[in-house]
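*Asks:* return atomic coordinates for the entry below.
(one chain, ligands or ions: 2)
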Amino acid sequence: MGEASLRAERPLAVVILAAGKGSRLGGGDALPPKPLLDCLGLPLLEHVRRALAPLAAEHTLVVTGHRAEDLEAWLGASWGGARAVRQVPQNGTGHAARLALEALPDFEGDVLVVYGDVPQLASTDLAELLAVHRAEDAQATVLTGVIAEPGMLGRVVRDEAGAFARIVEARDATPHELELREFNTGLYAFAAGALRTALGSLSTDNVQGEEYLTDAVGAVRESGGRVEAVVAPEGGALLGVNDWADLATAVATLRARICTEHMRRGVRITDPATTVIEADVAIEPGARILPVTHIGTGCRIGAGAKVGPFARLRGGTVLEAGAEIGNFVEVKGSTVGAGAKAKHLTYLGDAEVGPRANVGCGVVTANYDGQAKHRTHIGPDASIGSGTVLVAPTSVGAGGRTGANAVVLPDHAVPPGATAVGVPSRVLPSEADSGEDAAGHGSPEEQAGESTQS
Ligand code: UD1
Ligand code: CA
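*Replies:* Ligands and ions are numbered 1, 2, ... in the order given. Predicted structure coming up:
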């Protein structure tokens, strides 16, 4: 859906609730605050930001509270235009929404309230919610989902006619209400005035002793306002993240969505079920991704490149057209040139691999000296023998070769066209000079001809 078609016909404010403790995650301060937990290479809240962006709201308010400094630092750096509203103490979702509206005293129009722990929400979910809200001229519209076991989620209670009656939290529900399968996704549209009035009437008379936003929806209904409950077609994909199992569910949903998008564009993924492609990975049509492969955010993969099975590409990796990364190969912060190959049991970290170079089995770029990372340059058409360790910073020139198990130290760079063998490596005399190898370590052919290629 295009941006223009999602733009508000009347003023829109968006309120994102992100002040909660995330106490069901355990782990305490060693973890980032829940809204900043990693979800396929991006913080949870960044997924929410992206879903909201096409709506181009006039006001964006993020309610912060628990670990507010961390969250506000992230907002300042990553969410231009968002305003933080502090909620201290965190006395429930209704309390949070009330503080946000107090920060918009004169606002008239629609208010979209979104829980910051639903990274799977899509722009289309929000557009559908707003479209119904406006078409029905409702004072409140809630997006719901239907699943077999809504667990601890709030249940949507409807009257005999099937119209929305109220939302009851699982903790406060009767056994009969707990059997309801329609749940509250935590995505709502309100008329600003109706929301203000309803939030003024909330009690804390519930199991958690908090002001519930869910009660505000019921209050709009009780005061005679029009309330719509819209069932999302894929409501099961809109489960909030409260614990690690929920995060895994959210990741699975987004992961499948990302793989599908790549496949629709012409990327050949053999087994999306075992393929993790994080957010913001660029893959050209015609590339192939084989099973059990992990591709980190920020990687770029050219046409005809082949990755996996059992491969891991980490941040900043670039595979140019036709490059091949095979099983049990990890690549980090490296560029692998067109048609170059590293097919077995290799680590390439902070490396430049030239076009058509072949990196044999078990090659390691030793990029870390215990203090700092260093780069390795492998020239075009070079051939790195099996088991070679390239101790960075070092290089192998264009067409250069290393023998099996060579250890190439920083001050032993292999010149273009030369062959180096041994530990530490030494450059063999060129063919023209052969016979002058007084050390007698065997013929160059014996030592240099060990690189694998398949
Ligand atoms: C909430 C809903 C529930 C719904 C579910 C959907 C309420 C009372 N319950 O339950 O009906 O099915 O979401 O995922 O709203 N937050 C604040 N300030 C607070 C408390 C929470 O900003 O004082 C934020 C949290 O950071 C979170 C969101 O509000 O992003 C939801 O809070 P959470 O405690 O996760 O509510 P649920 O129990 O999941
Ligand atoms: Ca939640």
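*Asks:* which residues does the closest residue to ligand 1 within the stretch 201-350 of the chain contact?
*Replies:* Closest to ligand 1 within the stretch 201-350 of the chain is G240: 2.8 Å, counting by CB to the nearest ligand atom. In short, each C-beta sits where N, CA and C put it, glycine included. Listed by CB atoms under 8 Å, 6 or more residues apart in numbering, the contact set of G240 reads Y115, D117, V118, L153, T185, G186, D246.
*Asks:* and the residues you listed, which is closest to T260?
*Replies:* Closest approach to T260 among the contacts of G240 (CB to CB): V118, at 19.6 Å.
*Asks:* secondary structure element for the closest one?
*Replies:* Using DSSP states H and E, V118 sits in no helix or strand.
*Asks:* assess the claim that it and N184 are in contact.
*Replies:* No. Using CB atoms under 8 Å, V118 is not in contact with N184, being 11.2 Å away.
*Asks:* looking at those two, which is more packed in?
*Replies:* Higher neighbour count among V118 and N184: N184, with 26 against 22, using other CB atoms under 10 Å.
*Asks:* about what we covered before: most neighbours, which of the contacts of G240?
*Replies:* T185 (28 neighbours).
*Asks:* assign that residue to helix, strand or coil.
*Replies:* Three-state call for T185 (DSSP: H, G, I helix; E, B strand; the rest coil): strand.
*Asks:* I'd say it and V118 touch.
*Replies:* Yes. With contact defined as CB under 8 Å, T185 counts as touching V118 (6.9 Å).
*Asks:* intersection of neighbour lists for these two?
*Replies:* Both T185 and V118 are contacted by L238, G240, under the criterion CB under 8 Å, 6+ apart.
*Asks:* find the nearest non-adjacent residue to S430, please.
*Replies:* Here the nearest residue to S430 in space, its sequence neighbours aside, is A418; by CB to CB, 6 or more residues apart in numbering that works out to 7.1 Å.
*Asks:* separation between that neighbour and S425?
*Replies:* 10 Å (CB to CB, to the nearest Å).
*Asks:* hmm, back to that, for the residue nearest to S430, give its distance to ligand 2.
*Replies:* Using CB to the ion, to the nearest Å, A418 is found at 62 Å from ligand 2.
*Asks:* dump the residue contacts of that residue.
*Replies:* G397, G400, R401, V427, L428, S430.
*Asks:* which residues touch the third one?
*Replies:* When you say that, I think you mean R401. A382, S383, I384, G385, V414, A418, T419, A420, A448, S451.
*Asks:* could you give the bridge partners of it?
*Replies:* R401 has these beta-bridge partners by DSSP bridges: S383, T419.
*Asks:* now it: how far from G186?
*Replies:* Distance of R401 to G186, computed by CB to CB: 60 Å.
*Asks:* so which of the contacts of G240 reach ligand 2?
*Replies:* Contacts with ligand 2 within the contacts of G240, as defined by CB under 5 Å from the ion: D117.
*Asks:* so can I have TSV of the contacts of G240 showing pLDDT?
*Replies:* Compiled in TSV, the contacts of G240 are given as follows (pLDDT from 0 to 100):
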residue	pLDDT
Y115	97
D117	96
V118	96
L153	96
T185	97
G186	96
D246	95
